[in-house]
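# I would like to see how this sequence folds:
(chains A and B)
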Amino acid sequence: MQFEEFVAARSPALLRYAVLLSHDPEQARDLVQEVLTRALVKWNRIERVDEPYAYVRRMLTNEFLSWRRRRRVATVPLTGAHDRAVEHRANPGDDLWSLLAELPRQQRVVLVLRYYEGLTDNEIADVMRCRASTVRAYASRALATLRVEITTETIRNQQEAQL
Amino acid sequence: MNTVDDLRRTLEDQAGRAPDERGLIEGARAGAARIRRRRRVTAAAGTAAAVLVSALVVPFAVRHESAPPVAPSASSVSPVPAGPRRGSDLTVAFAPGKGLTVSAYTADTLTQDLMAVRDDGMKFYLHVSNPGTFGRDPIEGSKRVSVGDRDGWYLVRQSAGVTSSKPETVHSLLWETRDGFGLKFSSVSGQADLLATARAIRFVRPAPPSGPLQLGWVPDGLIPTSVDVRADRKTGSVHLLPPVSESSEDTGIFLSAEPVSPDWLTRWTEGAPPTHTIAGRQAWYRELPFGRRGTLRAILAVTAGDCGITVQATGPISFADLERLVGEATIGSCTSQDGWGPVVP
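Reported below is the predicted structural model:
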């Protein structure tokens, strides 16, 4: 697969994933742009792996987890994209989204990968390079913070991850 | 109480906020070209020009189009020793006596960022790009201004998350110095205040910022390429990579110091007992089962007083090197600025 084909097919998904992690469309675009730039530099290697999307998503996850450490100071958006974000943010009744924004980065990554990307805890552990037990610990804390009711589904998810 | 379905619905809804993908391919091509070009240039040659320029203090006389330019202050010029600006060095600062305290520094081989807090609590952000990296195109919605004898842009945006989580009006001044440095100075303080405060910006001799983690030794073949210090959060980090001319992107070390907390211990030790003692400090070392190039290979976590130190290494870097790296480091406090010093030798 050519790099251009990959970007055309997968960049919308990467941007959606990034905006859920960063909670900021402007930063999401920067994250994806940064990761795609580095992916292009070593594309001859990435295109040979079984799942280029999974590989780039892992790059994006790592970039997000280290983003504030490296990128630190907030910047001022220069395009109209942020204006749209402000409008969207003004919508009432989105307490869950606000609570998500307050979660530590690792916990946020776990929830997005589990409940949006549909990964198992073992797959998330592979992405985050930690143990599945750590993933479950992050998820439990995050769900408690979000006041999400623990149901049989969440328990089953944990049991499946332990297999 | 929320349900998992509520959470899924929220994520689905918010995913719709993603920006469109236009321009990503072009941006990636341009960025990749820059990376490849940098690899062809030696680190020393690439930064030598920056040092020559940093010998000069940038004039910050700002006027609107209708006003005459203000002459730069000749007395502000200071000599600067020769030598390249490393990725860990800063060459910008705020003049003393202006009531500005820098609470966050970040620098890498291309950019420098400072966040300063004034005595009245107002925050200011300064972003400096190396020559050749500042966009020259007019910025949509901006007003043309002059900075000394240079053209610049003045911009007002409604933004979120710059100084708080609420939308706010952010004022920015952007310009390129005669020597090609791109500067962006932002605050919510208002146009007149921003312009007046910009006069406090100075180019100074290259030096690393002070932080809680101070390296005493760096493995052969690696150099500091970026540094980040948050005085407000009492954290610091350093990235060590091969010089640009020898760049192998799969080799490098990222060191970070932050206050120890139960969450930190869970994240980095996973409840396991220490595997080593380094310079009298408890340490946890593990090699990760990912042999493929480009993946994390080893993590060393160390507790030092109120600091938690993490060392993430990729590539062929031995435990002995990591042990010496941490063993010869001076570690100050991560709950105050006691014992802080230059983060790299």
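# got the buried residues for stretch B:297-316?
B:297-304, B:306-315 (16 or more other Cβ atoms under 10 Å in any protein chain shown). Glycine gets a C-beta too; all of them are placed from N, C-alpha and C.
# start to end distance for it?
From its first residue to its last, stretch B:297-316 covers 9 Å (Cα to Cα, to the nearest Å).
# mind checking how far that stretch is from the chain centre?
Centroid displacement of stretch B:297-316 relative to its chain, using Cα atoms, centre = their mean, to the nearest Å, is 20 Å.
# now do stretch B:204-221
Offset of stretch B:204-221 from its chain centre (Cα atoms, centre = their mean): 14 Å.
# can you list the buried residues in it?
B:204-206, B:208-215, B:218-219.
# re the thing from before, from the buried residues of stretch B:297-316, which ones fall inside strands?
Residues of those located in strands (DSSP state E): B:298-304, B:307-314.
# residue of chain B with the smallest distance to chain A?
Per Cβ to the nearest Cβ, B:G31 is where chain B lies closest to chain A, at 3.3 Å.
# now do the domain split for chain A, please.
Using automatic domain parsing, the domain parsing of chain A gives A:1-91, A:92-163.
# before we move on, the earlier item: from the ones in strands among the buried residues of stretch B:297-316, which has minimum pLDDT?
Lowest pLDDT among these: B:T314, with 79.
# residue contacts, the nearest residue in space to B:T109 that is not next to it in sequence?
Using Cβ to Cβ, 6 or more residues apart in numbering or on different chains and skipping the chain neighbours, the partner closest in space to B:T109 is B:G87 (4.1 Å). Shown in contact with B:G87 (Cβ atoms under 8 Å, 6 or more residues apart in numbering or on different chains): B:A107, B:D108, B:T109, B:I223, B:P224, B:T225, B:S226, B:V227, B:H239.
# redo that, cut-off 7 Å
B:A107, B:D108, B:T109, B:P224, B:T225, B:S226 (Cβ atoms under 7 Å, 6 or more residues apart in numbering or on different chains).
# got the phi and psi for it?
Dihedral pair for B:G87: phi -60, psi -20, per degrees, to the nearest 10.
# pretty sure B:A28 is touching A:L36, no?
Yes. In this structure B:A28 lies within contact range of A:L36 using Cβ atoms under 7 Å: 4.2 Å.
# in terms of neighbours, single out the busier of those two.
A direct count of neighbours by other Cβ atoms under 10 Å in any protein chain shown for B:A28 and A:L36 places A:L36 higher, at 28 against 25.
# list the buried ones in stretch B:116-128?
Buried residues in stretch B:116-128 (16+ other Cβ under 10 Å): B:A116, B:V117, B:R118, B:M122, B:K123, B:F124, B:Y125, B:L126, B:H127, B:V128.
# where along chain A do the strands fall?
Counting by DSSP E, chain A contains no strands.
# any idea which helix or strand in it has the lowest mean pLDDT?
One helix or strand of chain A scores below all others by mean pLDDT, DSSP states H and E: helix A:81-89, with a mean of 38.
# and B:R8, which helix or strand is it part of?
helix B:4-15 (DSSP states H and E).
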